[in-house]
Structure formats: structure tokens, C-alpha cells
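Trainee: Sequence first, then the predicted structure, then my questions.
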Amino acid sequence: MFTERMEKLVALLEKSGLDGLVLNPGPCMVYLTGLHFHLMERPVVLLIEKKGSSVIVLPELERGKLTEGHARISAFSYGDDPATWSAAFMSAGKKIGLNQGRFGVEPTRLRFLELAFLKEALPGVDFVDGSAALEALRVRKDAGELEKMRRAALIAQEAMLHTLRSLQEGMTEKEIANELFINMLRAGSDVELPFPPIVAAGENSANPHAVPTDQVLKAGDLLLIDWGAGYEGYFSDITRTFTLGEVDQELIRIGEVVLEANRVGREAGKPGLDAGTVDRAARSVIDSAGYGKAFIHRTGHGLGMEAHEQPYIFSENDMLLVPGMTFTVEPGIYLEGKGGVRIEDDVVVTPDGLESLTDMPREVLPLENFMA
């Protein structure tokens with residue numbers, strides 16, 4: 001599997017006019033090598049030359065992660081003294097053997113720390129944005145990846161149903177978020193989640209990226225929960241909104257509008273159409289209902305080994321949809337001082353359209369329907 005992925009990368013580098021690629025720890029490194037590291041004060045850098053040879057610079061304490069399966073990667077390690085780090089990079093640069101050319105980097109991941117060492121080790125090399133090659137590498141999921149994403153969705157939904165049964169009026173947003181986190185682990189989620197759960201009660205639900213607080217859940221509130229699980233490195237990302245007791249009729253109304261926008265968005269995409277089609281379709285429903293100014297974010301984003309990746313679902317995006325792409329459809333309406341509704345599903349592009357990986361009821365339902 002990793003050999004096939006590396007061959008695909010080499011072809012993309014050639015197409016992009018790049019002589020090589022620089023990777024920090026993260027999804028692309030895992031995708032290509034299976035190696036798991038994390039960003040820390042000690043640099044870890046993988047350099048891949050377009051002919052397929054690779055070198056990695058890493059701390060001595062991490063060297064044990066390299067196995068016979070990574071025999072094609074030449075390793076250059078260093079100790080705890082930062083004065084020795086430069087020598088490891090210089091040795092890696094000599095192994096690569098390039099005095100000029102263009103190496104692509106991940107612009108949202110490469111730090112000044114690593115860049116300074118790379119420029120010293122490869123003074124004739126230009127380090128440029130390698131996004132085009134990297135995005136094309138992972139944007140289409142194969143059957144194995146999709147199965148992991150389906151499992152991540154099932155885990156998240158199972159955890160939510162368990163959480164809803166335990167909710168009570170007077171619980172805080174933090175308490176609900178903690179309960180959901182524990183239930184996801186019990187249901188089989190990876191420890192690493194796509195993001196900490198968003199739990200927003202009452203007027204806080206009008207903030208799309210609210211952080212759970214000590215605000216308590218009370219009668220008359222909307223409760224918006226945005227959460228996701230991980231399974232073998234792949235993520236789900238779901239949002240559902242609930243009511244507790246008698247809720248303002250306008251909040252009920254926006255729930256109906258968002259539900260329809262979600263349905264229309266999920267039915268709008270298919271191969272050959274641009275990603276913006278999905279956004280425009282969902283947005284038209286909300287615009288027609290008179291709430292266009294209250295839909296303050298894009299309709300969705302790509303999903304996979306990262307919570308946010310290509311394709312991004314905004315009106316102007318002309319990237320063509322192809323089978324295997326996975327993304328969210330998550331329209332929302334947010335009324336400041338009152339509350340907000342978002343309904344989010346994970347979908348995959350199939351030859352015929354969009355298939356939803358998530359199937360938990362989408363309607364804005366009373367919490368009383370779930371509480372024990």
C-alpha cells in the first residue's frame with residue numbers, strides 16, 4: 001500500500017514541477033509511510049526526492065519507530081543537545097544530493113524551526129508551496145479508507161445516543177462535552193479526535209465554534225452539539241441540534257429551514273459538478289427563507305485524516321467533484337442573542353451522486369425523546 005502511494009506521489013511531483021517534498025509530522029507523513037510522530041520542540045522532517053528516495057531527520061529517542069518496512073528511508077538521528085541537530089540535517093542533505101531545484105512544503109505545517117535547518121543543509125534548493133501535489137494525493141479515498149470513515153461515523157453516533165440518554169436539565173456544557181468524550185472512547189474511538197466536542201446551549205448556540213462553558217442547559221434552550229470520532233486515523237464530523245421544553249417559534253422555524261438546506265445540499269452534488277454547486281444549492285434554501293445573512297460560513301469541508309481538508313464547499317470553488325471525495329454538508333442559521341441551528345452530515349461522492357456516511361435523525365428533536 002505504501003509503495004503504491006509513494007509511486008503516486010512521485011508522479012504528482014513530476015506533474016507539479018517539483019524535485020522533492022518536505023513533510024512534518026502529520027497526516028501526509030502517516031499516509032505515505034505509516035510513521036506516527038507529533039510536532040514538538042525536537043524537529044522531525046521527512047524529505048522525499050522525486051526519484052523516490054527518502055531521508056528522515058529525527059531524534060534518537062524516536063528511531064525505534066523505524067522498522068524493516070521502512071528500509072527505503074535513510075535515517076539521520078540526533079541527541080538532546082540542540083548544537084548537534086544541524087549536523088543531522090547536513091548529513092541528510094548530502095544523502096539527498098541536490099544542490100538546486102524546488103522542494104514542496106506543507107504551508108500550514110512547516111515551521112521556521114525546520115525551515116532554517118533545511119535552508120542550511122540545502123542552500124541551493126527553493127522551498128515552495130506543495131499544496132497542489134499533496135491535496136491531489138489524499139483527496140480521493142479508497143475502499144479501505146471509506147470503511148474506516150464509516151466506522152468513525154458509527155462510533156460517533158453510538159456515543160451521542162448514549163450521551164443523550166444521560167442528559168438532564170441543569171447540566172453544564174462542559175459536563176455534556178466530557179460525557180460525550182468518554183462515551184466515544186467507550187464506543188471504540190481513537191484517543192485522537194478531529195476536534196474537542198462543541199456543546200452550546202441557549203444563546204451560545206448562535207456561535208458556530210462555541211467552546212463549552214459552565215452555562216447550564218435549561219428549559220427553552222436549543223442545544224447544538226458538533227462532534228466527531230476517530231477510527232484508525234480517519235475522522236467523522238457530525239452536528240445535530242435539539243430542543244429542551246418549549247422553544248421560541250422562530251428557532252423551530254430556522255430548524256426546519258436548515259433541515260431542508262441540508263437535504264438539498266446532500267442531493268445537489270455528483271461527479272463532474274464543481275464543489276461550489278453544493279454550497280449554492282444549500283445556501284439558496286436559506287436565502288429564500290430570508291435568513292441568508294445568518295448563514296455565516298461555508299456549507300462544508302473535506303474530511304478524512306484531517307478534520308478540514310480538500311475539497312472545501314464554498315460557492316466560488318470550481319474544483320470538480322470526483323468519486324471518492326469525502327466532505328461535510330453543514331448549513332446553519334445563527335441568530336445572535338437567541339440561538340442557532342446547524343445540521344451536519346458526512347458524505348462521499350459516488351458515480352451517481354452523494355452518499356451519506358451518517359444517518360442519525362437530522363430533525364431538531366426534543367431532548368425529552370432521548371432522556372431516560
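Mentor: Now that the structure is in, tell me what you want to look at.
Trainee: If we go by neighbour counts, what in the helix or strand hosting Ala159 is buried?
Mentor: Element membership for Ala159 (DSSP states H and E) is helix 143-166. Buried positions in helix 143-166, judged by neighbour count with 16 or more other Cβ atoms under 10 Å: 145-146, 148-160, 162-164. Where you see a C-beta, it was placed from the backbone N, CA and C, and this is true even at glycine.
Trainee: count of residues packed around the nearest residue to Lys270 once chain neighbours are set aside?
Mentor: Leaving aside its sequence neighbours, Lys270 sits nearest to Gly353 (Cβ to Cβ, 6 or more residues apart in numbering; 4.5 Å). Gly353 is surrounded by 15 other residues when neighbours are defined as other Cβ atoms under 10 Å.
Trainee: Settle this for me: Gly353 is touching Gly265, isn't it.
Mentor: No - Gly353 lies out of contact with Gly265 (Cβ atoms under 8 Å); the separation is 11.7 Å.
Trainee: mind listing the helices for the stretch 51-200 of the chain?
Mentor: Assignment of helices within the stretch 51-200 of the chain using DSSP state H, counting those that start in this stretch yields the ranges 85-96, 112-121, 131-138, 143-166, 173-187.
Trainee: what helices or strands is the last one leaning on?
Mentor: Read it as helix 173-187. helix 143-166, strand 198-201, strand 222-227 (3 or more Cβ pairs under 8 Å, 6 or more residues apart in numbering; DSSP states H and E).
Trainee: quick one: the helix holding Ala159 to chain centroid distance?
Mentor: Taking the mean of its C-alpha atoms, helix 143-166 sits 15 Å from the chain's own mean (Cα atoms, centre = their mean, to the nearest Å).
Trainee: Could you name the specific helix or strand carrying the residue sitting nearest the centre point of the chain?
Mentor: Residue closest to the mean C-alpha point of the chain, counted by Cα atoms, centre = their mean, is Ala307 at 1.2 Å. Per DSSP H and E: Ala307 is located in neither a helix nor a strand.
Trainee: Mind pulling the model confidence for it?
Mentor: For Ala307, the pLDDT comes out at 97.
Trainee: got it, and the one 10 residues further on?
Mentor: According to the model's per-residue confidence, Asn317 sits at a pLDDT of 98.
Trainee: what's the answer for Gly69, then?
Mentor: The confidence metric pLDDT takes the value 57 at Gly69.
Trainee: what's the answer for Lys50, then?
Mentor: Among the per-residue scores, Lys50 shows a pLDDT of 89.
Trainee: Equivalent analysis for Glu135, please.
Mentor: Glu135 carries a pLDDT score of 88 in this model.
Trainee: what sits against it?
Mentor: 309-310 (Cβ atoms under 8 Å, 6 or more residues apart in numbering).
Trainee: Can you name the residues that contact Gly276?
Mentor: 313-318.
Trainee: now the stretch 51-200 of the chain, which segments are flagged as low pLDDT?
Mentor: When residues are selected by pLDDT under 70, those of the stretch 51-200 of the chain lie in 68-71.
Trainee: circling back: any chance of a markdown table for the helices and strands packed on helix 173-187, columns distance to Ala275?
Mentor: Conversion of the helices and strands packed on helix 173-187 to a markdown table gives the following (distance: least, Cβ to Cβ, whole Å):
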| stretch | distance to Ala275 |
| --- | --- |
| helix 143-166 | 18 |
| strand 198-201 | 24 |
| strand 222-227 | 21 |
